[in-house]
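Enquirer: mind looking at a prediction? Sequence and model below.
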Amino acid sequence: MTKSDLIAIAAQAAKLTKKDAGIALDAILEAITAELAKGKSVTITGFGTFRVSKRAARTGVNPRNTSEKINIPAMNLPAFKAGKTLKDAVR
């Protein structure tokens, strides 16, 4: 399923135009992104939780020269944990 498919389904279910449904979906995604950028989590009851996962710095191997070590910096990554309702629906 693509974003356009999701917009079409939302527009039909909420009796909106596709343009309005697209604007609403973009607003939701922007709000989630903004909260994650602040380091906060976003919980949608019954669906799941978007959160920021911290990955520690580590030493890796250069794939072009396997004898050379490289430093991989610490970084924050987005993560999602499915809620019980979503898990049950998929099972």
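Expert: Noted; the coordinates are in hand. Residues are numbered from 1 along each chain as shown.
Enquirer: from now on I want contacts and neighbour counts done on CA atoms only, so please keep to that.
Expert: Fine.
Enquirer: now the helices for this structure?
Expert: In the chain, helices defined by DSSP state H lie at 3-14, 18-37, 84-90, listed in chain order.
Enquirer: distance to residue 48 and mean pLDDT for these - can I get that in a markdown table?
Expert: Shown next, in a markdown table, are these (distance: least, Cα to Cα, whole Å; pLDDT from 0 to 100):
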| stretch | distance to residue 48 | mean pLDDT |
| --- | --- | --- |
| helix 3-14 | 18 | 96 |
| helix 18-37 | 12 | 96 |
| helix 84-90 | 7 | 95 |
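Enquirer: and of those, who's closest to residue 65?
Expert: Nearest of those to residue 65, taken as Cα to Cα: helix 18-37 at 34.6 Å.
Enquirer: which strands or helices does that closest one pack on?
Expert: If you count contacts as 3 or more Cα pairs under 8 Å, 6 or more residues apart in numbering; DSSP states H and E, helix 18-37 packs onto helix 3-14, strand 42-44, strand 48-55.
Enquirer: ok so, going back, in a markdown table, list the helices of the chain along with mean neighbour count and distance to residue 51.
Expert: Shown next, in a markdown table, are the helices of the chain (neighbours: other Cα atoms under 10 Å; distance: least, Cα to Cα, whole Å):
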| stretch | mean neighbour count | distance to residue 51 |
| --- | --- | --- |
| helix 3-14 | 14 | 21 |
| helix 18-37 | 15 | 6 |
| helix 84-90 | 11 | 16 |
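Enquirer: do you know which of the ones you listed lies nearest residue 76?
Expert: Here helix 18-37 is closest among the helices of the chain (Cα to Cα), at 9.2 Å.
Enquirer: list the contacts of residue 79.
Expert: Contacts for residue 79 (Cα atoms under 8 Å, 6 or more residues apart in numbering) come out as 50-53.
Enquirer: okay then, goodbye and thanks.
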